[in-house]
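> attaching a predicted model along with its sequence, questions to come.
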Amino acid sequence: FDPDRYQVVPVGITRDGRWLLPEPSRRVLVGGRLEIPETAFEAAGEPVALARGAAGPGLEVDVVFPVLHGPYGEDGTVQGLLDMAGIPYVGSGVLGSALGMDKEKMKRMFRDHGLPIGDFVAIRAHEWEEDAGRALGAALSLGLPSFAKPANLGSSVGVSKCEDEASLVAGLEEALRHDRKVLVEEAMAGREIEVGVLGNDHPEASLPGEVFPGREFYDYAAKYLDDTSRTEIPAELPPAAARELQELAVAAFRAVDASGMARVDFFYEEAGRGPVVNEINTIPGFTVISMFPKLWEASGLPYPRLLDRLVELALERHRQRPRPEAVRVPWLEDQTVIGGRSDR
């Protein structure tokens, strides 16, 4: 962010769920990271409140940028909290975030909107516990190889490629360690293409980019822990294919009611089905190796201007929303204001 235009206040979230605000002298991002001990976040004195009208001194916030991944970050929970507090934020709202997190519901929305997707089966933990044979049979109906993954995680955490029945069982059990619902998907042999989407009512797509994993598939290690993967932007595609991918990316964005930003991932079978929508990521990565900012840079929108545009879209979306009413807890004698305005 341009320091002449923005005052960035980082808020850290610990692994045990505490939200911590560093003292003013330590609110410095180094290479996009908070390189300070957790104790430096401890707020001294009275806690602050984000919601205007709530108890405690207010922390004036113009826009929140949720740089969060996974449950309680990009699944609509934080977005709902900010909606209740009446605070603008970057990215999708509750519905778009929730659909973008739950891969089963996401794919059902894609299918209902006529988008090309691969075959999949969802298996819930209780189904596996009550009748593993039946659940395994449903997963095997997709054929092998296949992929098993947690339905509500990102960054390819807990994903397994399953070559035979034994590895499928192991993959299901590994995914169930991370989530109560598992998605089993047919293995796709196409090229891995990604497209960025930016906008609210009139979303636009970036140039497509291609990922070359360097491993058997684009897992967590390939994304973040080694340098075996590489990307190519723009992807080498016929103009008609590139346009089709861009149109499908915008259609996927609209199918889940996304807003602000997203990255849509595809498999592209040149001699087969053509483009197949894999998934949408409503909070794409913003690291130095992440595709989303690179896609927009190649499309003519440099990183600082991309951040400006995301803030503009957040404020635009907020202006279109009705102001939240005060939320009261009726069983308390006093009226507790969680968000919006107070009638007291």
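Perfect, thanks for sending it.

> from here on, just use CA atoms for contacts and neighbour counts.
OK.

> now do the same contact list for Gln79.
Counting by Cα atoms under 8 Å, 6 or more residues apart in numbering, Gln79 touches 89, 92-94, 97.

> ok, 10 Å please
64, 66, 72-73, 85, 87-98 (Cα atoms under 10 Å, 6 or more residues apart in numbering).

> Ser97 too?
Taking Cα under 10 Å, 6+ apart, we find Ser97 in contact with 73-80, 91, 256-259, 280-283.

> cool, Pro293 as well?
By Cα under 10 Å, 6+ apart, Pro293 lies in contact with 196, 206, 284-287, 299, 301-304, 306-307.

> which phi and psi does it have?
For Pro293, the backbone dihedrals (degrees, to the nearest 10) come out as phi -70, psi -30.

> coming back round to it: okay, who's weakest in the contacts of Pro293 by pLDDT?
Lowest pLDDT within the contacts of Pro293 is found at Thr287 (83).

> Arg111 is in contact with Phe120, correct?
No - Phe120 is beyond contact range of Arg111, at 11.2 Å (criterion: Cα atoms under 10 Å).

> neighbour count winner among these two?
Set Phe120 next to Arg111 and count neighbours by other Cα atoms under 10 Å: Phe120 wins out with 21 against 16.

> state the distance from the more buried one to Arg191.
Distance of Phe120 to Arg191, given as Cα to Cα, to the nearest Å: 19 Å.

> picking that back up, kindly write the ChimeraX command that selects the buried subset of the contacts of Ser97.
Buried residues within the contacts of Ser97, by 16 or more other Cα atoms under 10 Å, are selected in ChimeraX with:
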select :73,74,75,76,77,78,79,91,256,257,258,259,280,281,282,283
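
> among the contacts of Ser97, which are located in strands?
The strands in this structure, assigned by DSSP state E, contain 280-281 from the contacts of Ser97.

> moving C-terminal from the host helix or strand of Ala242, which element do we reach first?
Per DSSP states H and E, Ala242 falls inside helix 239-255. As assigned by DSSP H and E, the chain's next helix or strand after helix 239-255 is strand 260-269.

> that following strand versus helix 239-255: what angle between them?
Counting by axes from the mean of the first three to the mean of the last three Cα atoms, to 10 degrees, strand 260-269 lies at 130 degrees to helix 239-255.

> before we move on, the earlier item: which of the contacts of Pro293 fall in helices?
The helices, defined by DSSP state H, take in 303-304, 306-307 from the contacts of Pro293.

> format those residues as a markdown table; extra columns: neighbour count.
As requested, these are arranged in a markdown table below (neighbours: other Cα atoms under 10 Å):
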| residue | neighbour count |
| --- | --- |
| Tyr303 | 16 |
| Pro304 | 12 |
| Leu306 | 17 |
| Leu307 | 17 |
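
> closest to Ile13 out of these?
Ile13 has its nearest neighbour among the ones in helices among the contacts of Pro293 in Leu307, at 22.0 Å by Cα to Cα.

> what's the closest non-adjacent residue to that closest one?
Counting by Cα to Cα, 6 or more residues apart in numbering, Phe1 is the residue found nearest to Leu307 once chain neighbours are left out, at 6.8 Å.

> could you list every residue that touches the one you found?
Counting by Cα under 10 Å, 6+ apart, Phe1 touches 7-8, 303-308.

> what's the answer for Glu192, then?
If you count contacts by Cα under 10 Å, 6+ apart, Glu192 has them with 209-213, 217-218, 231, 235, 265-269, 275-276, 278.

> Lys105 now?
Neighbouring residues of Lys105 by Cα under 10 Å, 6+ apart: 98-99, 111, 122, 151, 256.

> run the last query once more with 7 Å
With contacts defined as Cα atoms under 7 Å, 6 or more residues apart in numbering, Lys105 is in contact with Leu99.

> centre of the chain to the helix or strand it falls within, how far?
Lys105 is part of helix 103-112, with elements assigned from DSSP H and E. In terms of Cα atoms, centre = their mean, to the nearest Å, the centre of helix 103-112 is found 15 Å from the chain centre.
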